[in-house]
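Q: Have a look at this prediction, sequence included:
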Amino acid sequence: MIRGIYTSAAGMSAEMARQEVLANNLANVNTSGFKQDMAVFRTRLDKTVYRVEAQGGARAGAPAIQKMGDLSSGVYLDEVATRYGQGNLLQTDEPLDLALSGEGFFVVQPESGEELLSRGGSLKRDAEGFLADDSGRRVLGEGGPIRLAAKGKVQVDQSGVITQGQAALGKLRLVKVERPDQSVEKRGETAWRLKDPSAVVGGARPEVLQGYLEASNVNPVREMVEMITVQRAYEASQRMISAQDETLGKAVNDLGRG
């Protein structure tokens, strides 16, 4: 009985975690470069339940042990995985809006100096003239941070080469990694840290599209439907706890009197 309450409580806890992930997805549905997160659960190991009878064993005085079956202990949140699928490309015609078409990432650098990967292409010229994303992280080219002149039309070709007027400013550093679900970990909403440098692969790079932004790959309708499902599952576990608590109360208060 008590184990049943724990199992139901574990289910409620798992659904709360799932709800938080869905809410974060919905909060970032309009965040350029955001990738959908998914709560992944793991089933706790089943336990075998036995019934032990003090009398009636095979030997006189020995307890008889009878297998009753397996008992599940519920589920728990194992990890929050990310779906790296391409988001829709939205045309903005802004010269510093860049979108990546295909697998790969920009490389950005926050003030800490750590290099991060990003799909967010809403860029700007920061106070010191460097190309930066909307979080203030500098966008790195193959030769380091890219400094823009105060004036002049910026052009970015599909390979990531940036020119301003007649001046060549550099080429965007684009990175493609194998198995991003295993080789990177999320930092913030649109950036990832490379855990395994050996996962960087050469060859094909994503296509850079100037005047476009990559929308998040979150489907808001699907997320809303999932939230309703989560709510119902949470309420079902809640009712299970109430029912078991009521039954336990009767066992303690009523059966003992007989």
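A: The structure has been received and is ready for your questions.
Q: Now stretch 24-43: buried residues?
A: Using 16 or more other C-beta atoms under 10 Å as the test for burial, stretch 24-43 gives 24-26, 28, 31-37, 39, 41. For the C-beta atoms, the positions are set from N, CA and C on the backbone; glycine is no exception.
Q: Quick one: distance of it to the chain centre.
A: Chain-centre distance of stretch 24-43: 5 Å, with C-alpha atoms, centre = their mean, to the nearest Å.
Q: Relative to Asp126, how far out is Ser72?
A: According to C-beta to C-beta, to the nearest Å, Ser72 stands 54 Å off from Asp126.
Q: quick one: low-confidence ranges for the stretch 51-200 of the chain?
A: Scanning the stretch 51-200 of the chain for pLDDT under 70 picks out the ranges 54-63.
Q: redo that, cut-off 90
A: 51-77, 150-152, 165-166, 178-183, 188-190, 195-200 (pLDDT under 90).
Q: Can you show me the helices along it?
A: 180-183 (DSSP state H, counting those that start in this stretch).
Q: Mind checking which of Ser72 and Asp126 has more residues around it?
A: Applying other C-beta atoms under 10 Å to Ser72 and Asp126 shows that Asp126 carries more neighbours, namely 17 against 13.
Q: What separation is there between the nearest residue to the more buried one once chain neighbours are set aside and Thr43?
A: Excluding its sequence neighbours, the residue lying closest to Asp126 (C-beta to C-beta, 6 or more residues apart in numbering) is Ala132, at 4.2 Å. The gap separating Ala132 from Thr43 is 45 Å, by C-beta to C-beta.
Q: need the strands for the stretch 151-258 of the chain, in chain order.
A: For the stretch 151-258 of the chain, the strands defined by DSSP state E, counting those that start in this stretch cover 154-156, 161-164, 167-171, 174-177, 184-187, 191-194, 200-201, 207-210, 212-214.
Q: so which of these gets nearest Ala81?
A: When the strands of the stretch 151-258 of the chain are compared by C-beta to C-beta, strand 184-187 sits nearest Ala81, at 9.9 Å.
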